[in-house]
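Trainee: Need coordinates for the below:
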Amino acid sequence: EVQLVESGGGLVQPGGSLRLSCAASGFTFSNYYMSWVRQAPGKGLEWVSGISAATLLKYYADSVKGRFSISRDTAKGTLYLEMNSLKPDDTATYYCTRGNIFGVGDYRGQGTQVTVSS
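Mentor: Residues are numbered from 1 along each chain as shown. All right, here's what the predicted structure looks like:
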């Protein structure tokens, strides 16, 4: 059974940092593109960042470029999103997804809430 479990969200002040993790299981993690998407209250899903499988190419939405960094640890089967210089507009539920660098793939986790507020 494919499982994606996000963690690391929380409440942070503007300008702060968080590191999100997504533990993957039930499939060969190294074979799949992975991505992060988010959904702000009352809005649709927004693609945030994606990473390829073997070549580890990384892609970012313009809204997070220079502030967020995506990475993956194949040995641990874990996807990460390092978020710096957080803004109130980054407030959303963040999801990791499998199989699509630039959007939602075929599986998505349950999400982790990030709230940026003073």
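
Trainee: how close does the residue nearest to Tyr33 when sequence neighbours are not counted get to Gly50?
Mentor: Excluding the flanking residues, the one nearest Tyr33 by CB to CB, 6 or more residues apart in numbering is Ile101, at 4.5 Å. Where C-beta positions appear, they are placed from N, C-alpha and C, glycine not excepted. Distance of Ile101 to Gly50, computed by CB to CB, to the nearest Å: 3 Å.

Trainee: ok, the two, which is more surrounded?
Mentor: The neighbour comparison of Ile101 against Gly50 (other CB atoms under 10 Å) goes to Gly50, with 22 against 19.

Trainee: For the closest residue to Tyr94 other than its chain neighbours, list each beta-bridge partner.
Mentor: Closest residue in space to Tyr94, ignoring its immediate chain neighbours: Arg38 at 4.8 Å, by CB to CB, 6+ apart. For Arg38, the beta-bridge partners are Glu46, Tyr94 (DSSP bridges).

Trainee: dump the residue contacts of Arg38.
Mentor: Leu45, Glu46, Val48, Asp90, Ala92, Thr93, Tyr94, Tyr95, Val114 (CB atoms under 8 Å, 6 or more residues apart in numbering).

Trainee: related to what we said a few turns ago, can you list residues touching both of Ile101 and Gly50?
Mentor: With CB under 8 Å, 6+ apart, Ile101 and Gly50 have common neighbours Tyr33, Met34, Ser35, Tyr59.

Trainee: Let's see if you can find the most crowded of these.
Mentor: Most crowded among the shared contacts of Ile101 and Gly50, counting by other CB under 10 Å, is Ser35 at 27 neighbours.

Trainee: From Asp89, how far off is the residue nearest the centre of the chain?
Mentor: Nearest to the mean C-alpha position of the chain, counting by CA atoms, centre = their mean, stands Trp36 at 3.1 Å. Remark: distance between Trp36 and Asp89 (CB to CB) = 16 Å.
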